[in-house]
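**Student:** Fold the stuff below for me.
(chains A and B)
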Amino acid sequence: MVSGFLLVIARDLRLALRQRADAWLAVLFFVLTAALFPFGVGPEPNLLARIAPGIIWVVALLAVLLSLERLFLADFEDGSLEQLLLSPLPLELAVLAKVLAHWLTTGLPLIAAAPLLAVLFHMDLAGLGVLLLAMLLGTPTLSLVGAVGAALTLGARRGGVLIPLLVLPLYVPALIFGVGATDAALQGFAVRPHLLLLGAVLLVMLVVTPLAGAAALRQALE
Amino acid sequence: MHRFANPARFTRIADRVLPFAAGGAVLALALGFYLALFVSPADYQQGESVRIMYVHVPSAWMAMVIYVAIALASAVALIWRHPLADLAAKASSPIGAGFAFLTLVTGSLWGRPMWGTWWEWDGRLTSMLILFFLYLGHMALMNAFEDSQRGYRAASILALVGVVNIPIIKFSVDWWSTLHQPTSVMRLDGPTIHPSMLWPLLIVALGFKLYYLTVVLLRIKSELIAARLRALDLAMVKGS
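**Tutor:** Numbers count the residues shown, from 1 in each chain, chains lettered A, B, ... in the order given. This is a model prediction of the structure:
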């Protein structure tokens, strides 16, 4: 079972490595979209520093959203999802493995790019550690919630447009606690409650996603 | 439970319940709105605009109750493959979205004299906005498939994920709004509300519940009739 789990991750990582452009696209989108904000609100350093955590989180959320459609779609179209369903590995674990691979190829690169944005937005670098820690706890939640949306819309008309409508309302808690942690660190308040709540949301989704995602894949393959 | 899966039996029962539900809804709403608009006193701070509350608060309750009803129907549909539960979830979703929208509109109208703005990022209004989006997602997913069965199944799973997440969203939005602004003027909770205002509120809420029952039964009936028409069409095409 463990080997099957690792095999699915290894396969997805190898696929991502062969199409490196996809992973780069999410990071590029992340940096580019954030770079538009100074044009929109003006380059005043204090204002940019004030809104930096919020911008970084919202843009990270959109970048994850962008990458969700291809989470199951390619496997659905070429039939490997059916093979996965037939394999001895429980589908719940297969979903978890695919989500983990998705996070490794999108969430982790976004976290790596976040310090660059923090510098561009004149964010006080004392808050950088907390920002990265919060993203480390929050971006897996984004992948987990997104996976349910991606699985539910397989084979739907306009599936790509549908995913944001399903997923964005459910992203609100992660966004609130993620930004809250960074803001608290910058203003000298307690960071721990925000991070604990972010971790709690992650744990809840860690239970809900494999069940709901596997149920969604089963009904898509019926 | 599967006794009621028979469409003919369901239609018979629905036809018997419908007049009472519809009549009750009309009576309760007439009485409730009469008490709310003419009998109940104006608020000493908010004046006459407090009467918006008699639509706003019951709609907010309905928007939340209907989502839970959808989640229950979805669970029944997924566990027992009950065909009428799918139809009940499908019939409820637009009504819930309507009540959520009504809550937002009345909240905005009430906010204008109270806060001086059409929209305030108040904790409750914001969570109602997110609930409204959840309803829209549910409706969109329900109608996104060629095969209606797949739409039902997918929307059921979404409703269950949504109902797990709603308390988390509600809590996080409350936490967020207390961090960013002082408590709002619009505080109605607690036992401090006077009976002369509480009774109209409860009667309107009862009227809304009966209205929901009426519309949901009508919509399920019309879905059943539409399904029968499709089957007849198919039979005609095959026969000819």
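**Student:** Return the residues of chain A in contact with chain B.
**Tutor:** A:148, A:152-153, A:155-159, A:162, A:165-166, A:168-170, A:172-173, A:176-177, A:180, A:197, A:201, A:204, A:208, A:212, A:215-216, A:219-220, A:222 (Cβ under 8 Å from any Cβ of the partner chain). Glycine gets a C-beta too; all of them are placed from N, C-alpha and C.
**Student:** Can you tell me which of these are buried?
**Tutor:** By neighbour count, with 16 or more other Cβ atoms under 10 Å in any protein chain shown, the residues of chain A next to chain B hold A:148, A:152-153, A:155-156, A:159, A:162, A:165-166, A:168-170, A:172-173, A:176-177, A:180, A:197, A:201, A:204, A:208, A:212, A:215-216, A:219-220 as buried.
**Student:** re earlier: which ones among the residues of chain A next to chain B map onto strands?
**Tutor:** Among those, no member falls in strands (DSSP state E).
**Student:** Name the helix or strand for the residue nearest the centre of chain B, please.
**Tutor:** The structure's chain B has its C-alpha centroid closest to B:Gly96; by Cα atoms, centre = their mean the separation is 2.8 Å. Here B:Gly96, judged by DSSP states H and E, is contained in helix B:83-115.
**Student:** which other residues reach stretch B:78-87?
**Tutor:** By Cβ atoms under 8 Å, 6 or more residues apart in numbering or on different chains, the residues outside stretch B:78-87 that reach it are A:215, B:1-2, B:4-5, B:7, B:10, B:73-74, B:76-77, B:152-153, B:156-157, B:160, B:219-220, B:223-224.
**Student:** Tell me how far it lies from the chain's centre.
**Tutor:** In this view, stretch B:78-87 has its centroid 20 Å away from the chain centroid, taken as Cα atoms, centre = their mean, to the nearest Å.
**Student:** and what of stretch A:125-140?
**Tutor:** The chain centroid and the centroid of stretch A:125-140 are separated by 14 Å under Cα atoms, centre = their mean.
**Student:** Show residues contacting that stretch.
**Tutor:** Residues from elsewhere that reach stretch A:125-140, judged by Cβ under 8 Å, 6+ apart: A:53, A:56-57, A:60, A:64, A:99, A:103, A:106-108, A:110-111, A:114-115, A:118-119, A:123, A:174, A:177-178, A:181-182, A:184-186, A:191, A:194-195, A:198-199, A:202.
**Student:** ok, longest helix in chain A?
**Tutor:** Criterion DSSP state H: the longest helix present in chain A is helix A:192-221.
**Student:** just chain B next, same as before
**Tutor:** helix B:195-239.
**Student:** Could you name the helices and strands sitting against it?
**Tutor:** Under the contact criterion of 3 or more Cβ pairs under 8 Å, 6 or more residues apart in numbering or on different chains; DSSP states H and E, helix B:195-239 touches helix B:7-34, helix B:53-80, helix B:83-115.
**Student:** again, only using 10 Å
**Tutor:** Packing contacts for helix B:195-239, counted by 3 or more Cβ pairs under 10 Å, 6 or more residues apart in numbering or on different chains; DSSP states H and E, involve helix B:7-34, helix B:53-80, helix B:83-115, helix B:148-180.
**Student:** Can I get those helices in TSV including mean pLDDT?
**Tutor:** Output for the helices and strands packed on helix B:195-239, formatted as TSV (pLDDT from 0 to 100):
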stretch	mean pLDDT
helix B:7-34	91
helix B:53-80	93
helix B:83-115	91
helix B:148-180	89
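**Student:** so which of the ones you listed gets nearest A:Pro90?
**Tutor:** Taking Cβ to Cβ, helix B:148-180 is the member of these nearest to A:Pro90, at 17.3 Å.
**Student:** what's the nearest residue to B:Leu218 if we skip its chain neighbours?
**Tutor:** B:Leu18 (7.2 Å; Cβ to Cβ, 6 or more residues apart in numbering or on different chains).
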